[in-house]
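take this sequence and fold it.
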Amino acid sequence: MIMIDNALKARQEQGKPIRVGMVGAGFMGQGLTNQIENSVPGMRMAAIYNRPKLDESVRRGLPAVAEDPFTICRCPDIDIVVDVTGSVEFGARVILEAFRNGKPVLLMNAEVDATIGPILRVYGKKYGQILSACDGDEPGVEMNLVRWVKGLGLTPRVIGNVKGLQDPYRNPTTQKGWAERWAQNPAMVTSFADGSKISFEQSIVANATGFKVQSRGMSRGRKYDGSILEIQKLYDLDQVRSLGGIVDYTVGPPLIKVFVLAEHHDPKQRHYLNLYKMGEGPLYPFWRRAGAAAGRPGGGGLRVGQAGSRRGRGARRIRHVHDLRRGRERRGDERGPLPARGPGRGMQAAAPHCQGPGAHVRRRRAARRADRRSPAGGAVPALPRRDLAGGAPPEVRAGAPPAGRATDLKLKQGT
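Residues are numbered from 1 along each chain as shown. Coordinates of the predicted model:
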């Protein structure tokens, strides 16, 4: 990803952005256009299928909408064609026309890729052009995770996709309201809910890796609500080994989008995987959370190891913390809220007063000190300054009972 980022930055600085011609202007096309135009340096949306005088507009740097999609494929000033049509026949015609005119094709069309992707790849080689899926869509995310796991020295055995729900009885009528709310196609939304879309996606991954399925239809959306660290229990290792690896999908676990189960043949590495909380194997889980940033193996996108605790996200007040550096007690120290997700999830945020209590804490402490009196009339003494070199307060080393809250508490209770 760093190489790609640098290459795009260089094209931006040179004033030579990649000019993208897109066929399809539906929900995915609108989102992709917004992403390219506002968030990707070194790339611009040059044309979308619906306005004449395409070549002149592209040369002048003006976004254009073409009436004929094939004019985008034939335009000499378009560098790459993106197919987001979701159509098999129409998409295939656009792809072949792009190849004939010397243009690579990027697919956000799982339907055509799963149906005739390997055939289209042969034609791409024939014309010396690239046909590629994209990162961010599930097949691309899965393949990046597979590549990363292989880079760690493991052998992938199961490549899994995760759904939030599945209902085989959904149809365009039942999905019409939801589709209208989000400006999507009811038939396409139905494919999301009934399991057919995810089957297309896993077919793409199977074509790319040579992996097979355990049975027709995969697991047909087996529900799993357990920990991602134990999802390997769903699979028989000898069976997946005999098949050379499988693709599958499950409904759940929550917040997980894709996963890879892999084994390691090196006993030393298995020891380290177990040490770092990946379990005893023989299958080790690697996964990507839903909604995480794309293309960042090992970073905020990928989660390897135990998920953080979901408790204690609000501000927490630490009541009695002895500051060994300053030899006194810190009270009322406020710590900030935990992040909702990301690498820091489940860990305490850093205290804002790392060098002791702030002025507002000291003022509150001084106001309370006047009311804090023992029966003998004396103020409750602070905890003694610690002698860090000696390992204990001087009073303890001398054999005297240490002064402090525990001693005065007994006095207050009359013990």
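
contacts for the stretch of helix or strand Leu261 belongs to, please.
Assigned by DSSP states H and E, Leu261 belongs to strand 256-263. By CB atoms under 8 Å, 6 or more residues apart in numbering, the residues outside strand 256-263 that reach it are 138, 141-142, 145-146, 149, 154-162, 228, 231-232, 235, 237, 281-292. Just so you know, the C-beta spots here come from the backbone N, C-alpha and C atoms, and that holds for glycine as well.

so which of those residues belong to helices?
138, 141-142, 145-146, 149, 237 (DSSP state H).

low-confidence regions, the protein specifically.
Applying pLDDT under 70 to the chain flags the ranges 1, 49-54, 292-415.

domain map for it?
The chain breaks down into these domains under automatic domain parsing: 2-132, 138-303.

TSV for those, including mean neighbour count?
Listed next are the domains of the chain as TSV, based on neighbours: other CB atoms under 10 Å:
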stretch	mean neighbour count
domain 2-132	18
domain 138-303	17
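
ramachandran angles for His265?
phi -90, psi -10 (degrees, to the nearest 10).

relative to Arg157, how far out is it?
His265 sits 12 Å away from Arg157, taking CB to CB, to the nearest Å as the criterion.

that older thread, sheet-wise, list the partners of the strand holding Leu261 with their directions.
Counting by DSSP bridges, the strands paired with strand 256-263 are strand 155-163 (antiparallel), strand 284-289 (antiparallel).

can you say which of those strands is nearest to Ile18?
Ranking the strands paired with strand 256-263 by proximity to Ile18 (CB to CB) places strand 284-289 first, at 26.4 Å.

returning to that earlier point: for the strands paired with strand 256-263, give me TSV that also has distance to Asn109.
Output for the strands paired with strand 256-263, formatted as TSV (distance: least, CB to CB, whole Å):
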stretch	distance to Asn109
strand 155-163	17
strand 284-289	22
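
nearest to Gln35, of those strands?
That would be strand 284-289 among the strands paired with strand 256-263, by CB to CB, at 19.1 Å.

hey, C-alpha coordinates of the closest one in CSV?
C-alpha atoms of strand 284-289 as CSV (Å, rounded to 0.1, in the frame of the first residue of the first chain):
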residue,chain,number,x,y,z
TYR,A,284,-5.2,-20.3,13.9
PRO,A,285,-7.7,-17.5,13.2
PHE,A,286,-6.9,-14.3,11.5
TRP,A,287,-9.7,-11.8,10.8
ARG,A,288,-10.8,-8.4,9.7
ARG,A,289,-13.4,-6.4,11.6
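
hmm, who's touching it?
For strand 284-289, contacts defined as CB under 8 Å, 6+ apart pick out 141, 145, 148-149, 154, 228-229, 231-232, 255-264, 273, 278-279, 301-304, 341.

Thr33 contacts Gly24, correct?
No: in this structure Thr33 lies outside contact range of Gly24 using CB atoms under 8 Å: 10.4 Å.

still on that earlier bit, moving C-terminal of the strand holding Leu261, what's the next helix or strand?
With elements assigned by DSSP H and E, the helix or strand that comes after strand 256-263 is helix 267-275.

in space, what's closest to Thr250 - neighbours in sequence excluded?
Distances taken as CB to CB, 6 or more residues apart in numbering put Tyr224 closest to Thr250, at 4.7 Å, once the chain neighbours are dropped.

how far away is the one you found from Glu280?
The value you get for Tyr224 to Glu280, if CB to CB is used, is 20 Å.

and if you look at Pro104?
Going from Pro104 to Glu280 by CB to CB gives 45 Å.

now the end-to-end length of stretch 171-191.
Terminal residues of stretch 171-191 are spaced 8 Å apart (CA to CA, to the nearest Å).

give the contact list for the closest residue to Tyr169 other than its chain neighbours.
Distance criterion CB to CB, 6+ apart; nearest residue to Tyr169, sequence neighbours excluded, is Asp194 at 7.6 Å. By CB under 8 Å, 6+ apart, the contact set of Asp194 is 166-171.

next step: those residues restricted to strands.
Members of the contacts of Asp194 lying in strands (criterion: DSSP state E): none.

hmm, which two among those are most spread apart?
By the measure CB to CB, Gln166 and Asn171 form the most distant pair in these, at 13.9 Å.

looking at the strands paired with strand 256-263, which is closest to Arg241?
When those are ranked by proximity to Arg241, the top entry is strand 155-163, at 6.7 Å, counting by CB to CB.

which helices and strands does the helix or strand following the closest one pack with?
Note on strand 155-163: by DSSP H and E, the next helix or strand toward the C-terminus is helix 176-181. Packing partners of helix 176-181 (3 or more CB pairs under 8 Å, 6 or more residues apart in numbering; DSSP states H and E): helix 186-194.

ok and the helix it packs on relative to strand 155-163, angle-wise?
Angle, helix 186-194 to strand 155-163, by axes from the mean of the first three to the mean of the last three CA atoms, to 10 degrees: 120 degrees.

let me know the next secondary structure element after helix 186-194.
Where DSSP H and E defines the elements, the next helix or strand beyond helix 186-194 is helix 196-209.

got the contact list for that next one?
For helix 196-209, the external contacting residues (CB under 8 Å, 6+ apart) are 110-111, 113-114, 117-118, 133, 137-139, 142-143, 146, 156, 159, 161, 163, 188, 190-191, 211-213, 217-218, 245, 247-249.

what's the first helix or strand after it?
Downstream of helix 196-209, the next assigned helix or strand under DSSP H and E is strand 222-223.

what lines up beside that following strand in the sheet?
With DSSP bridges as the test, strand 222-223 is paired with strand 246-251 (parallel).

taking helix 196-209 as reference, get the angle to the strand it pairs with.
Using the same axes, to 10 degrees: strand 246-251 against helix 196-209 is 160 degrees.

let's see strand 246-251 as CSV, backbone CA atoms only.
The C-alpha trace of strand 246-251 is given here as CSV (Å, rounded to 0.1, in the frame of the first residue of the first chain):
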residue,chain,number,x,y,z
ILE,A,246,-12.1,-24.4,1.4
VAL,A,247,-14.2,-21.2,1.1
ASP,A,248,-17.2,-20.8,3.4
TYR,A,249,-19.4,-18.3,5.0
THR,A,250,-21.2,-18.0,8.4
VAL,A,251,-23.8,-15.8,10.0
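
verify the contact between Cys73 and Pro104 for me.
No: contact criterion CB under 8 Å: Cys73 and Pro104 do not qualify, at 11.4 Å.

show me what contacts Gly124?
99, 104-105, 130-131.

10 Å instead, please
95-96, 98-99, 104-105, 130-132 (CB atoms under 10 Å, 6 or more residues apart in numbering).
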